[in-house]
Structure formats: structure tokens, C-alpha cells
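# Sharing a model prediction with you, sequence too.
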Amino acid sequence: QVQLVESGGGLVQAGGSLRLSCAVSGRPFSRHAMGWFRQAPGKEREFVARISWGGGHTDYADSVKGRFTISRDNAKSTVYLQMNSLKPEDTAVYYCAVEQIGYGMGSTLPSMYDYWGQGTQVTVSS
């Protein structure tokens with residue numbers, strides 16, 4: 001059984017930082033790209049960041065580029081999202097996900113991921 005457990009969300013003031021973690025079990029973590037997505041109330045789930053299976057390639061949504069950093073520790077089967085210079089518009093539930101295919105680069109499309117975490121709330125106050 002594949003499980004993704006997220007942590008690190010919370011309430012922070014604008015300009016602050018948070019680090020999200022997502023621990024994966026039940027799947028060979030090192031063989032799969034990972035993605036972070038977010039969903040704000042009344043909006044569709046949107047791509048935030050992705051990292052390839054080996055960690056050598058990353059990609060970000062324009063709205064977070066330069067402020068967020070995705071990374072992974074294959075020894076710990078964990079992917080991270082470091083979020084700096086947070087803005088109120090970053091407020092959302094953040095989800096990590098495992099790409100279905102192996103040895104991929106990750107995707108901006110939610111449909112390419114077959115397992116998801118439960119989500120962690122990030123709230124940025126102005």
C-alpha cells in the first residue's frame with residue numbers, strides 16, 4: 001500500500017517561510033518523479049513544482065519561481081518544498097504526489113500522478 005504523509009504546513013505572515021515534507025512508503029521512491037500541487041478554496045488544483053526521479057531536474061510554476069525550492073532525499077524517501085517570501089496568494093492546501101511512470105521527469109498535469117498525500121494547509125496572513 002502506497003502512502004504519502006505530508007507535514008510542515010501552518011500559519012505564517014507574509015514574507016515568512018515554511019518547509020513542507022512528504023514521506024513516501026510502499027513504492028520504490030527513488031524510481032519516481034514527484035510533484036507538489038496546491039488548491040485554494042473555489043479553485044482548481046494547480047501545479048507548483050516537480051522534481052525528476054534522480055533529482056537532477058526541477059521545474060516550477062511561474063507564480064512561485066525564485067521563491068520555492070523542491071528537493072528530495074532518496075535515502076529518506078522524502079520530498080521537500082522550501083517556501084520563502086510567502087504571499088497571501090500562496091494560501092492553499094498543498095499536496096504531494098508520485099508520478100505513475102517510473103524514471104520520469106515529473107509532470108505539470110495532476111492526471112499523471114497516481115498517489116497523493118492527504119494535503120497540508122498553508123495560510124499566509126497579510
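Received the coordinates, thanks.
# ok, now which ones touch the spatially most central residue of the chain?
In the chain, the C-alpha nearest the mean C-alpha coordinate belongs to W36, at 2.3 Å (Cα atoms, centre = their mean). By Cβ atoms under 8 Å, 6 or more residues apart in numbering, W36 lies in contact with L20, C22, V48, A49, R50, I70, V79, L81, Y94, Y95, C96, A97. Just so you know, the C-beta spots here come from the backbone N, C-alpha and C atoms, and that holds for glycine as well.
# try E89
Contacts of E89 by Cβ under 8 Å, 6+ apart are S63, V124.
# pretty sure it is in a helix, no?
Yes: inclusion of E89 in a helix is indicated when DSSP: H, G, I helix; E, B strand; the rest coil is applied.
# That one and A49, how far apart?
16 Å (Cβ to Cβ, to the nearest Å).
# how many other residues sit next to the residue lying closest to S85 once chain neighbours are set aside?
Closest residue to S85 apart from its sequence neighbours, by Cβ to Cβ, 6 or more residues apart in numbering: R67 at 4.6 Å. Residues near R67, counting by other Cβ atoms under 10 Å, number 15.
# How about T91?
Using other Cβ under 10 Å, T91 has 18 neighbouring residues.
# is it true that the residue nearest to S85 touches N84?
Yes: R67 is within contact range of N84, at 5.3 Å (criterion: Cβ atoms under 8 Å).
# Just list the residues touching V122, thanks.
V122 makes contact with 9-10, 12, 18, 20, 38, 83, 86, 90-94 under the criterion Cβ under 8 Å, 6+ apart.
# so can I have a markdown table of these showing distance to V122, pLDDT and secondary structure?
Listed next are the contacts of V122 as a markdown table, based on distance: Cβ to Cβ, whole Å; pLDDT from 0 to 100; DSSP: H, G, I helix; E, B strand; the rest coil:
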| residue | distance to V122 | pLDDT | secondary structure |
| --- | --- | --- | --- |
| G9 | 5 | 96 | coil |
| G10 | 7 | 97 | strand |
| V12 | 8 | 98 | strand |
| L18 | 6 | 98 | strand |
| L20 | 8 | 98 | strand |
| R38 | 8 | 98 | strand |
| M83 | 7 | 98 | strand |
| L86 | 8 | 98 | coil |
| D90 | 6 | 98 | helix |
| T91 | 6 | 98 | coil |
| A92 | 6 | 98 | strand |
| V93 | 8 | 98 | strand |
| Y94 | 5 | 98 | strand |
